[in-house]
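Asks: I would like the atomic coordinates for the input below:
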Amino acid sequence: EVQLVESGGGLVQAGGSLRLSCTASGFALRDYHLAWFRQAPGKEREAVSYIGVSDGATYYGDSVKGRFTISRDNAKNTVYLQMNSLGPEDTAVYYCNGRDGLVSSTRTYWGQGTQVTVSS
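Replies: Residues are numbered from 1 along each chain as shown. Presented below is the predicted three-dimensional model:
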């Protein structure tokens, strides 16, 4: 079965840290651009971070720049999101996303999401 499974969410106090993991099964993450999105209640889903398939180029949203770090371990078929200095504004469901690195492909996968709650 092809799927992405996130883990690592939970409840943390403001100023704390969490590391999210997203592991793929049924396909190889090394062939995919990877990203983390989040969606807070009543808000649209927003892009948090991205890492490229080949050169490992990264992108961070302005609201998380300097606090979050995305990384990938192709051997473990896993992408991570290290989140530091968390604040209540980071409370959301976090989703990982994989998009096929082939230009001709539109294949995209989403995880089911993991809840992150930051208390003040």
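Asks: pLDDT value on Ala47, please?
Replies: Listed pLDDT for Ala47 reads 97.
Asks: Assign the residue positioned nearest the centre of the chain to helix, strand or coil.
Replies: Centroid check for the chain by Cα atoms, centre = their mean gives Trp36 as the closest residue, at 2.7 Å. For Trp36, the assignment made with DSSP: H, G, I helix; E, B strand; the rest coil gives strand.
Asks: I figured it hits Ile51, correct?
Replies: No - using Cβ atoms under 8 Å, Trp36 is not in contact with Ile51; the gap is 9.1 Å. Glycine gets a C-beta too; all of them are placed from N, C-alpha and C.
Asks: Find residues that contact each of these two.
Replies: Counting by Cβ atoms under 8 Å, 6 or more residues apart in numbering, the contacts common to Trp36 and Ile51 are Ile70, Val79.
Asks: For Ser120, see how far away the residue with the largest distance to the centre of the chain is.
Replies: Going by Cα atoms, centre = their mean, the residue of the chain most distant from its centre is Ser104, 23.8 Å out. Distance check for Ser104 against Ser120: by Cβ to Cβ, to the nearest Å, it reads 47 Å.
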